[in-house]
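Asks: Quick one, fold the following:
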Amino acid sequence: MRSSSRPSVVPSTSDASRATTGAASKPKTAEILSGPGLRVRHNIRRPHPALIAAFADFDTPAISDLMNRLFTMSHYIEPLTNPSLRVLGPACTVKVFPGDNLMVHKSLDIAQPGDVVVVDASGSSLTAVLGDLVATKAKHRGIAGFVVDGLIRDLPAILELEDFPVFARGVTPIGPLHRGPGEVNYPISAGGIVVSAGDIIVGDRNGVVVVPQDAAAELIERLRGRAAVEAEYHAAVARGEFSNAWVDAILAEAGGMEVEPGDPPPL
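Replies: Next up, the predicted model:
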């Protein structure tokens with residue numbers, strides 16, 4: 001008597017392979033790979049501590065002026081903690097995937113006391129890349145502060161640290177992921193400026209400037225040499241003793257300026 005049940009179908013080896021390697025696996029383009037984009041550099045060259053400390057005598061406008069105004073981060077990166085707090089130290093650079101902060105956590109194991117952790121989050125507004133826990137851990141490690149091209153969170157709790165400066169683009173309650181990829185102590189871009197590990201970071205309520213490490217010694221000498229002249233000029237202006245003859249000189253060199261007559265005087 002013929003059975004009415006349907007015969008079972010045994011999948012072929014190729015069918016089984018296709019099921020496990022095709023439908024269940026992710027595309028190769030989604031893999032996180034070692035190398036560029038997922039690497040950490042432990043040892044970097046830092047300026048001498050005395051050279052770094054010398055920049056404490058100068059505000060960011062003076063430093064920016066003597067670098068032809070080309071090494072100042074975007075004004076959107078501003079102090080979110082006490083505006084009177086300055087940040088000064090060699091950069092420990094961190095690049096993260098927007099919305100992720102795995103490498104920010106890793107940087108706490110790599111940064112040395114006195115370093116400024118500079119985070120390149122691509123200016124993302126997706127999530128914060130650090131909050132009060134990371135800031136508190138960083139303070140315990142002796143880190144001098146954070147400069148973040150992105151957002152932070154838990155600002156009230158960070159403010160309770162009192163003397164720990166954090167500069168960033170803003171605040172959000174949305175926390176980050178912890179998946180990677182990212183890099184520590186490789187060149188980054190923060191606030192439109194390239195920052196290399198060991199560059200000197202100076203931040204105050206005016207903003208943040210980046211002093212390339214190889215230019216720092218020569219720059220501090222020029223700042224010191226100009227300080228006396230600047231102080232004398234500022235004192236003269238405060239007394240009301242100044243002239244704008246230099247403006248007319250520039251206009252004359254440019255070929256003069258056409259001056260239209262004003263209204264005739266009243267009769």
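
Asks: State the phi and psi torsions of residue 141.
Replies: Dihedral pair for residue 141: phi -80, psi 0, per degrees, to the nearest 10.

Asks: was I right about residue 122 contacting residue 98?
Replies: Yes: counting by CB atoms under 8 Å, residue 122 touches residue 98, with 5.0 Å between them. For glycine as for every other residue, the C-beta is placed from the backbone atoms N, C-alpha and C.

Asks: between the two, what contacts are shared?
Replies: residue 150 (CB atoms under 8 Å, 6 or more residues apart in numbering).

Asks: Low-confidence bits of the stretch 1-150 of the chain, can you list those?
Replies: Across the stretch 1-150 of the chain, the ranges flagged by pLDDT under 70 are 1-24.

Asks: where do the helices sit along this structure?
Replies: Under the criterion DSSP state H, the chain contains helices at 13-18, 49-54, 60-65, 102-110, 132-140, 155-159, 216-238, 245-253.

Asks: ok, which stretches of the stretch 51-200 of the chain are strands?
Replies: Per DSSP state E, counting those that start in this stretch, the stretch 51-200 of the chain carries strands over the ranges 78-79, 87-96, 116-120, 145-149, 151-152, 166-168, 170-171, 182-184, 188-190, 193-195, 200-204.

Asks: Name every strand pairing with the second one and say which way it goes.
Replies: The partner list of strand 87-96 in its sheet, established with DSSP bridges, is strand 116-120 (parallel), strand 182-184 (antiparallel), strand 200-204 (antiparallel).

Asks: Measure how buried residue 194 is and give me the count.
Replies: By other CB atoms under 10 Å, 14 other residues sit near residue 194.

Asks: rewinding a little: next, format the helices of the chain as a markdown table and append distance to residue 40.
Replies: What follows is these, written out as a markdown table (distance: least, CB to CB, whole Å):
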| stretch | distance to residue 40 |
| --- | --- |
| helix 13-18 | 37 |
| helix 49-54 | 23 |
| helix 60-65 | 30 |
| helix 102-110 | 6 |
| helix 132-140 | 17 |
| helix 155-159 | 25 |
| helix 216-238 | 25 |
| helix 245-253 | 50 |
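
Asks: so who does residue 111 touch?
Replies: By CB under 8 Å, 6+ apart, the contact list for residue 111 reads 92, 117, 138, 141, 143.

Asks: Show me what the second one is bridged to.
Replies: The one in question is residue 117. Assessed by DSSP bridges, residue 117 has beta-bridge partners residue 92, residue 146.

Asks: just checking, residue 62 touches residue 230?
Replies: Yes: applying CB under 8 Å, one finds residue 62 in contact with residue 230, separated by 7.2 Å.

Asks: I appreciate the help and will end here.
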